[in-house]
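>>> give me coordinates for this.
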Amino acid sequence: MAMVTHAVNTMAILLAGSTVRPEACGIGTGSAAEAITDVALVTESDRNLVTTTSTATAGEVKYTTDFGAVEMSGTAMTEFGMFPSGTTSTGSLWNREAFAGVTFDGSTELQVQITYKYIL
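The predicted structure follows:
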């Protein structure tokens, strides 16, 4: 049995409107590689609520989160991930991305965009 295109597109819209969806993005300074068994960021340093949610592209839902220059000042960010809550909690991580560090000097804002795609 295959899921039809309409069902895939509807699932993206439902995910965006569901009460169990990513509502916040966390950033951190942890250095471990990401793994499917991760339940939290290694070293979370900040978390903001999602700024916008878009289902403009069929089969996709895009979450955008903004971090201001002042809150990013001095951060050597090496990881980020999505959470269903704006408060720090473990065991609820949706995804985690680890990468070489990016250091912020207080003059640069950060916008994280994460897109979940349903692939047939």
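>>> what's the first helix or strand after the helix or strand bottoming out on mean pLDDT in the chain?
Between all helices and strands in the chain, the lowest mean by mean pLDDT, DSSP states H and E belongs to helix 5-17, at a mean of 69. Using DSSP states H and E, the next helix or strand after helix 5-17 towards the C-terminus is strand 24-28.
>>> just checking, next helix/strand downstream of that next one?
strand 44-49.
>>> just give the nearest non-adjacent residue to Asp66, would you?
Thr51 (4.8 Å; C-beta to C-beta, 6 or more residues apart in numbering). Backbone N, C-alpha and C define where each C-beta goes, glycine included.
>>> how about Thr115?
Lys62 (4.4 Å).
>>> isn't that neighbour up against Lys117?
No: assessed by C-beta atoms under 8 Å, Lys62 is found out of contact with Lys117, at 9.4 Å.
>>> list the contacts of the most centrally placed residue in the chain.
Against the mean C-alpha coordinate of the chain, by C-alpha atoms, centre = their mean, the closest residue is Met82 at 3.2 Å. Shown in contact with Met82 (C-beta atoms under 8 Å, 6 or more residues apart in numbering): Pro22, Ala24, Cys25, Gly26, Tyr63, Leu93, Trp94, Asn95, Ile114.
>>> any idea how far Tyr116 is from it?
To Tyr116, Met82 is 9 Å away according to C-beta to C-beta, to the nearest Å.
>>> before we move on, what about Ala16?
9 Å.
>>> name the residues contacting each of these two.
Here Ala16 and Tyr116 have Val61 as joint contacts, going by C-beta under 8 Å, 6+ apart.
>>> phi, psi for the residue nearest to Asp66 please.
Dihedral angles phi and psi of Thr51 (degrees, to the nearest 10) take the values phi -80, psi -50.
>>> now it: how far from Ala24?
With distances taken as C-beta to C-beta, Thr51 is found 10 Å from Ala24.
>>> sorry, back to before: burial count for the residue nearest to Thr115?
By other C-beta atoms under 10 Å, the residues close to Lys62 number 18.
>>> for it, give me phi and psi.
phi -110, psi 130.
>>> tell me the pLDDT of it.
At Lys62, the pLDDT value in this model is 94.
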